[in-house]
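# Give me the fold of what follows.
(2 chains)
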Amino acid sequence: MRIGVLALQGAVTEHIVSIEKTGAEGLPIKRVEQLEELDGLIIPGGESTAIGKLMRKYGFIEAIRDFSGQGKPIFGTCAGMIVLAKRIAGGEDSHLGLMDITVARNAFGRQRESFECDLDVKGISEPVRAVFIRAPLISEVGPEVDVLTVYNNEIVTARQDNLLVSSFHPELTDDYRLHQYFADMVKAKAAATQ
Amino acid sequence: MQKGGVIMDVMNAEQAKIAEAAGAVAVMALERVPSDIRAAGGVARMADPTIVEEVLKVVSIPVMAKARIGHYVEAKVLESLGVDYLDESEVLTPADEVFHIDKREFTVPFVCGAKDLGEALRRINEGASMIRTKGEPGTGNIVEAVRHMRYINSQIRKVTGLSKDELYHEAKTLGVPYELLLEVHELGKLPVVNFAAGGVATPADAALMMHLGADGVFVGSGIFKSDNPEKFARAIVEATTHFTDYRLIAEVSKNLGTPMKGIDIATLTPAERMSERGR
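Okay, here's the model as predicted:
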């Protein structure tokens, strides 16, 4: 099972280390052709303006929409969640526009307001360690979206079919259960296709 | 999350917007870029808070600002403005020739310059959460940044190969805590990200630093001292992401206009070398 990490900018190696802990093979993805060999894709945290700009430049917008159209799972963390959203609060243009959510950028404040906490995630038995850095949140969800975590009345983890998103950075901790959750999504999809 | 990408020096809101649109992952708000600081001489201090506030208002990416080495109050002032990262920087005239800021007293993260493993680990011990090579800022000459990146990496390789008992002696020689050195020994890298800075003037320079193992690149005077800052900024961003795609680097390097003229480091007196500041 091969899971790629979009390697245009951001926490790429951390995600590769985390996903390999689940037994999957992790690969950095810099070119659209590489998507063909993947069963799942992670879009990492970083700066959504920089990642979005480079995705447009290299044709990743259409290619990842196709990838998602085949039902292949995609996991967006922090900036990756912003990139997947259909709507960005404040009128900024969306990037991939795949998931029926509205996100608010830097919703928890600036760098100095960054924090860590333990969160309950639906489908995972014990609380998950979460690192929030200038994190976005989900302000609205469509009817197809399953909310997995609510923190202080804000939605910070959600799933819609093959798409999984988190406001926080699961790749910065030694807690690999959210990556395992995603790897299980990928495995289920790969098994259903064969 | 600061990992990968290009951090650009800007002197006003308009430049900050250009940098963000070009794909910068953060901007460094300054009153003068290093090459102007060199030209102007005199004492270089933190930027006027007006400039910092102006930049904070117009961009959604993180904003960094520089405080003088050892200048606790400049750092506190900048933190109070809401900057996302502080750079305790040798580009400004040091306020303290012996002590650096106790960075653990701040909630905002710090980036600090280093030219060898000892400096890097001392800054990390003081609380820095990001390291960059010092290079030689404002020269447009990559030679010092290359020297510092190579030296730090070769020192890390050496530490990785030492036995545990040899680490005690190495910690003493480097002037760093044993626990931090042990962490480097086990990780085979610094415990924080290490960016390249100081002399990056072209897309190929940025790609060279990535090739040498940098986690990302700071570009100071290079961008807004070039003929076409927008194009130049985009080119450096692309070359940093695709640092092994030489055809792409060739493409983005076309017709960029004249880069910074640059300075031969050998013509600088020791007093003119910013990298000698802070140890």
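
# And for the residue in the stretch 151-279 of chain B that chain A sits nearest to, the neighbour number?
Residue nearest to chain A within the stretch 151-279 of chain B: residue B:241 (5.3 Å; CB to the nearest CB). Every C-beta, even on glycine, is put in place using the N, C-alpha and C of the backbone. Counted by other CB atoms under 10 Å in any protein chain shown, the residues lying close to residue B:241 total 25.

# would you list every one of the helices in the stretch 1-150 of chain B?
Here the stretch 1-150 of chain B has its helices, by DSSP state H, counting those that start in this stretch, at B:13-22, B:34-40, B:49-58, B:72-81, B:117-125, B:143-161.

# Turn those helices into JSON lines, including mean pLDDT and mean neighbour count.
Formatted as JSON lines, these follow (pLDDT from 0 to 100; neighbours: other CB atoms under 10 Å in any protein chain shown):
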{"stretch": "helix B:13-22", "mean pLDDT": "96", "mean neighbour count": "20"}
{"stretch": "helix B:34-40", "mean pLDDT": "87", "mean neighbour count": "18"}
{"stretch": "helix B:49-58", "mean pLDDT": "97", "mean neighbour count": "17"}
{"stretch": "helix B:72-81", "mean pLDDT": "98", "mean neighbour count": "18"}
{"stretch": "helix B:117-125", "mean pLDDT": "98", "mean neighbour count": "23"}
{"stretch": "helix B:143-161", "mean pLDDT": "97", "mean neighbour count": "18"}
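
# got these as CSV, with distance to chain A columns?
Output for the helices of the stretch 1-150 of chain B, formatted as CSV (distance: least, CB to the nearest CB, whole Å):
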stretch, distance to chain A
helix B:13-22, 6
helix B:34-40, 23
helix B:49-58, 8
helix B:72-81, 7
helix B:117-125, 17
helix B:143-161, 16
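
# Give me the spatial nearest neighbour of the closest residue to chain B within chain A, chain neighbours excluded.
Residue nearest to chain B within chain A: residue A:111 (3.5 Å; CB to the nearest CB). Distances taken as CB to CB, 6 or more residues apart in numbering or on different chains put residue B:84 closest to residue A:111, at 3.5 Å, once the chain neighbours are dropped.

# Please name the residues that touch that neighbour.
A:110-112, A:134, B:26, B:62-64, B:108-109 (CB atoms under 8 Å, 6 or more residues apart in numbering or on different chains).

# Relative to residue B:69, how far out is the residue of the stretch 151-279 of chain B closest to chain A?
Per CB to CB, to the nearest Å, residue B:241 is found 32 Å from residue B:69.

# which stretches of the chain form strands?
In the absence of a named chain, this looks at chain A. A:2-6, A:25-29, A:40-43, A:74-77, A:85-88, A:99-104, A:115-119, A:128-132, A:137-141, A:146-151, A:154-160, A:163-166 (DSSP state E).

# You answered for a different chain; I wanted chain B.
B:6-10, B:26-29, B:63-68, B:85-89, B:110-114, B:130-133, B:193-195, B:217-219.

# Include mean neighbour count, distance to chain A and mean pLDDT when you put these into a markdown table, please.
Output for these, formatted as a markdown table (neighbours: other CB atoms under 10 Å in any protein chain shown; distance: least, CB to the nearest CB, whole Å; pLDDT from 0 to 100):
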| stretch | mean neighbour count | distance to chain A | mean pLDDT |
| --- | --- | --- | --- |
| strand B:6-10 | 28 | 8 | 97 |
| strand B:26-29 | 28 | 7 | 97 |
| strand B:63-68 | 28 | 8 | 97 |
| strand B:85-89 | 26 | 6 | 97 |
| strand B:110-114 | 27 | 11 | 97 |
| strand B:130-133 | 27 | 11 | 96 |
| strand B:193-195 | 21 | 10 | 96 |
| strand B:217-219 | 29 | 11 | 96 |
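
# which pair in the contacts of residue B:84 spans the largest distance?
Using CB to CB, these span at most 14.6 Å, a distance reached by A:112 and B:26.

# May I have the residues that are in contact with the spatially most central residue of chain A?
Most central in chain A under CA atoms, centre = their mean is residue A:76, positioned 1.0 Å from the mean C-alpha point. Neighbour list for residue A:76: A:42-43, A:82-84, A:99, A:163-166 [criterion: CB under 8 Å, 6+ apart].

# ok, 7 Å please
Contacts here follow CB atoms under 7 Å, 6 or more residues apart in numbering or on different chains; on that basis residue A:76 touches A:43, A:83-84, A:165.

# which of those count as buried?
Burial by neighbour count, judged by 16 or more other CB atoms under 10 Å in any protein chain shown, picks out A:43, A:83-84, A:165 from the contacts of residue A:76.

# follow-up on the earlier one: who are the neighbours in contact with the residue of chain A closest to chain B?
Residue A:111 makes contact with A:134, B:62, B:84-85, B:108-109, according to CB under 7 Å, 6+ apart.

# Dump those to CSV, plus distance to residue A:90.
Output for these, formatted as CSV (distance: CB to CB, whole Å):
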residue, distance to residue A:90
A:134, 15
B:62, 17
B:84, 18
B:85, 23
B:108, 24
B:109, 25
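
# Those residues of chain A touching chain B, which are they?
By CB under 7 Å from any CB of the partner chain, the residues of chain A that approach chain B are A:8-12, A:30, A:45-47, A:49-50, A:53-54, A:78, A:105-106, A:110-112, A:133-134, A:169.

# what's in contact with stretch B:147-165?
B:114-117, B:120, B:133-135, B:170, B:181, B:184-185, B:188-189, B:194, B:196, B:209, B:212-214.

# Make a ChimeraX selection of the buried ones in those.
For the buried members of the contacts of stretch B:147-165, the matching ChimeraX selection, counting by 16+ other CB under 10 Å, is:
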select /B:114,115,116,117,120,133,134,135,170,181,184,185,189,194,196,209,212,214
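
# In the stretch 51-200 of chain B, which residue sits closest to chain A?
For the stretch 51-200 of chain B, CB to the nearest CB, closest residue to chain A: residue B:84, 3.5 Å.

# Would you quantify the distance from that residue to residue B:148?
25 Å.

# One more: residue B:174?
From residue B:174 to residue B:148 the distance is 15 Å (CB to CB).

# same check, this time on residue B:223
21 Å.

# And for residue A:28?
Plainly put, residue A:28 is 26 Å away from residue B:148 if you go by CB to CB.
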